[in-house]
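J.: Quick one, structure for this:
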Amino acid sequence: MKRFPWILTVATAAALVLLIGLGVWQVERLRWKEGLIAAAEAAAAKPPAPLADVLADAGRGGGLEFRKVLMVCRGLATAPYVELQTIHDGTPGVRLVSACRPEGEAFTVLVDRGFVADTISARPPVMETTLPLVLVGEFRSVPPPGALSPAPRDGRFYARDTAAMAEALHVAGPLRPEAVYALTATNPEFGALTPSAPPAAFSNNHFGYALTWFGLAIALVGFYVALLRRRSKKDLS
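T.: Reported below is the predicted structural model:
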């Protein structure tokens, strides 16, 4: 009778441990993603609240993502802006991004004032003013720009780079890493500027990935058992 296939058995066991580990990891990722989606939905369902209250809640662990906020931005309607190339509902255009130091706060936050289609060449006026503007916005985190993103040119950006946009807008002092998307108009007289926040883009394929890894583990066990049976039959013949 031939020797027991130790090398094959050790290799199969190692592969089995790896496949099961990957499956368990995907299950953990599934639970994490479901919690993230639930938290985002709960935050989005909350009504707008004053900025100080939203920040205080975030400090207690509530988080800022998808929180709607009421804040006062002086001069925002005529503030300088940079343009971010994008597509909105299938239409190419730009989003206008300005800096705002909210009333009563020591930091600056970048406000996405809305979308303007490429077919519109006009823009809101830019002038220095201290007129207050009450804004309803939504906090959103900003992922770092990709390594292959084109560099900004002539005030137009091709990736949402918070630090570079703030530098172009001559922001001094503390800067919030998040963006605030305007949900109410900063320029009601300029209807081409459409305030909006992008939809949540959560992909949750972890259940399918977990089934794939566990399925491969089962297939590996079946293959190993079949190989042993075939080897045993050859030994008996």
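J.: do you know how far the nearest residue to Glu65 once chain neighbours are set aside is from Glu178?
T.: Nearest non-adjacent residue to Glu65, counting by C-beta to C-beta, 6 or more residues apart in numbering: Ser141, 5.6 Å away. C-beta coordinates here come from the backbone N, C-alpha and C atoms, glycine included. Going from Ser141 to Glu178 by C-beta to C-beta, to the nearest Å gives 6 Å.
J.: neighbour-wise, which of those two wins?
T.: Glu178 (18 against 11; other C-beta atoms under 10 Å).
J.: Now do the SS call for that one.
T.: With DSSP: H, G, I helix; E, B strand; the rest coil as the basis, the three-state label of Glu178 is strand.
J.: ok, it to Val109 distance?
T.: Using C-beta to C-beta, Glu178 is found at 7 Å from Val109.
J.: Also Asp53?
T.: Asp53 is 16 Å from Val109, by C-beta to C-beta.
J.: These two: which is more packed in?
T.: Of the pair Asp53 and Val109, Val109 is the one with more neighbours under other C-beta under 10 Å, namely 25 against 13.
J.: Spell out the residue ranges of the strands in the protein.
T.: Defined through DSSP state E, the strands belonging to the chain, from first to last, are 49-50, 68-72, 82-88, 91-100, 108-117, 134-140, 156-157, 175-182.
J.: Leaving out chain neighbours, which residue sits closest to Leu30?
T.: His206 (3.8 Å).
J.: now Asp112
T.: Leaving out its chain neighbours, Asp112 is closest to Tyr181 (C-beta to C-beta, 6+ apart), at 4.6 Å.
J.: and if you look at Glu83?
T.: Val94 (4.0 Å).
J.: Does the one you found touch Asp118 like I think?
T.: Yes. Here Val94 reaches Asp118: they are 7.4 Å apart, a contact under C-beta atoms under 8 Å.
J.: In this protein, spot the helix with the most residues.
T.: helix 6-45 (DSSP state H).
J.: could you check the angle strand 134-140 makes with that one?
T.: 170 degrees (axes from the mean of the first three to the mean of the last three C-alpha atoms, to 10 degrees).
J.: can you list the weak-confidence ranges in this protein?
T.: Residues of the chain meeting the criterion pLDDT under 70: 1-2, 36, 200-203, 235-237.
J.: about what we covered before: now the longest helix of the chain: buried residues?
T.: For helix 6-45, the neighbour count (16 or more other C-beta atoms under 10 Å) marks 12, 16, 19-20, 22-23, 26-27, 29-30, 33, 40, 43 as buried.
J.: next one: stretch 110-126
T.: Quick answer for stretch 110-126 (16+ other C-beta under 10 Å): Leu110, Val111, Asp112, Arg113, Gly114, Phe115, Val116, Pro124.
J.: And for stretch 143-160?
T.: Going by 16+ other C-beta under 10 Å, stretch 143-160 has these buried residues: Pro145, Pro152, Phe157, Tyr158, Ala159, Arg160.
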